[in-house]
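**Student:** Below are the sequence and a predicted model; questions follow.
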Amino acid sequence: MQITYIIIISIITYIFGAFTKLKWTSMPNKYIPLQNVIIGFISGLICFIFKVESNLLTSLVLCLSATMSAGGISDLMKIGKEES
């Protein structure tokens, strides 16, 4: 079950990332957390609709926390590279 969440979130993130790169080439970084919330919400709904998780709240919380933590880890990696 857990790998299914990762696959769904990865596919949705790839679609959003490709769309963002094609349509908004100069998108400010301040909108990335909002994009992560939207990705988590859509992924949570998809996981609930396809019965990966039977509880909507659990599905949304799992996907939102996964996308927000991935964004935080990405920011931490960028900060580490800038300080080096």
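**Tutor:** Received, thanks.
**Student:** Spatially, what comes nearest to the residue nearest the centre of the chain if we skip its sequence neighbours?
**Tutor:** Nearest to the geometric centre of the chain sits T67, at 3.5 Å (CA atoms, centre = their mean). Nearest residue to T67, sequence neighbours excluded (CB to CB, 6 or more residues apart in numbering): G40, at 3.8 Å. No exception for glycine: its C-beta is placed from N, CA and C like everyone else's.
**Student:** So E53, which state does it fall into?
**Tutor:** coil (DSSP: H, G, I helix; E, B strand; the rest coil).
**Student:** Tell me the helices and strands packed up against the lengthiest helix in the chain.
**Tutor:** Longest helix of the chain, by residue count under DSSP state H: helix 56-83. With contacts taken as 3 or more CB pairs under 8 Å, 6 or more residues apart in numbering; DSSP states H and E, helix 56-83 sits against helix 2-23, helix 32-49.
**Student:** any idea how far S69 is from M77?
**Tutor:** 13 Å (CB to CB, to the nearest Å).
**Student:** got it, and I79?
**Tutor:** 15 Å.
**Student:** thinking again about what came up before, any idea of the pLDDT on the residue nearest to T67?
**Tutor:** In this prediction, G40 carries a pLDDT score of 88.
**Student:** Was I right to think it contacts C63?
**Tutor:** Yes: the pair G40 / C63 is scored as a contact, 4.5 Å apart, by CB atoms under 8 Å.
**Student:** For the two, list the residues in contact with both.
**Tutor:** The contact sets of G40 and C63 overlap at I9 (CB atoms under 8 Å, 6 or more residues apart in numbering).
**Student:** Report the contact partners of the residue lying closest to G71 once chain neighbours are set aside.
**Tutor:** Nearest residue to G71, sequence neighbours excluded (CB to CB, 6+ apart): N36, at 4.5 Å. The neighbours of N36, taking CB under 8 Å, 6+ apart as the test, are T67, M68, A70, G71.
**Student:** This completes my enquiry, with thanks.
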